[in-house]
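Trainee: here is the input, now give the coordinates:
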Amino acid sequence: MSNPRWLDERAARMWRAFHEMRRHLDKAIERQLADAGLSTADYNLLVPLSEAPGDGLRARDLASHVDWDRSRLSHQLRRMEQRGLITRRDCPTDARGTMIMLTPAGRRAVEAAAPGHVETVRRHFVDLLSPEEIDTLTAISTRVRDSGADIAP
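Mentor: I've put the predicted structure just below:
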């Protein structure tokens, strides 16, 4: 085993600040979504369904979109189905596939939560940054995301 490459003071300060920022943002978003009657997991699934043609996606495509494993997706979908936010249907093009469909109640829920969500994102993040900082953070985020292709589940 090689020696660890410890973070120097500057890198450690950046990492801690980033980690604390993420926790702060997660709390603000969780609070806003809870006020709208949704969990972050609910919203993470409702958004791509609401943007999909016909308000539905194959389960495997939805899992890939949110980067969740099948078990986590299945448990969350069960909870959302019990609350009437989504339904499951057989996939018309693949007998083994399942379509996840947004219900009218799910559409109402995501549409009711979205204005508060975007305002929370703006207030706690976007509006605090200059246009140049937004461009820089976008470039950094994209680079880090794209380098993570080899991250095991």
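Trainee: helices and strands of this protein: which one bottoms out on pLDDT?
Mentor: When each helix and strand of the chain is scored by mean pLDDT, DSSP states H and E, strand 94-102 comes last, with a mean of 85.
Trainee: what strands flank that strand, and is each parallel or antiparallel?
Mentor: Here strand 94-102 is paired, per DSSP bridges, with strand 56-58 (antiparallel), strand 86-91 (antiparallel).
Trainee: among the ones you listed, which is the most enclosed?
Mentor: strand 56-58 (a mean of 19; mean count of other Cβ atoms under 10 Å). No exception for glycine: its C-beta is placed from N, CA and C like everyone else's.
Trainee: can you dump the C-alpha atoms of the next helix or strand after that one in CSV for me?
Mentor: Next helix or strand after strand 56-58 toward the C-terminus (DSSP states H and E): helix 59-66. Only the C-alpha atoms of helix 59-66 are listed here, as CSV (Å, rounded to 0.1, in the frame of the first residue of the first chain):
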residue,chain,number,x,y,z
ALA,A,59,-37.7,1.8,-14.8
ARG,A,60,-34.1,1.1,-15.9
ASP,A,61,-33.9,4.4,-17.7
LEU,A,62,-35.2,6.2,-14.6
ALA,A,63,-32.7,4.4,-12.4
SER,A,64,-29.9,5.4,-14.8
HIS,A,65,-31.1,9.0,-14.9
VAL,A,66,-30.9,9.3,-11.1
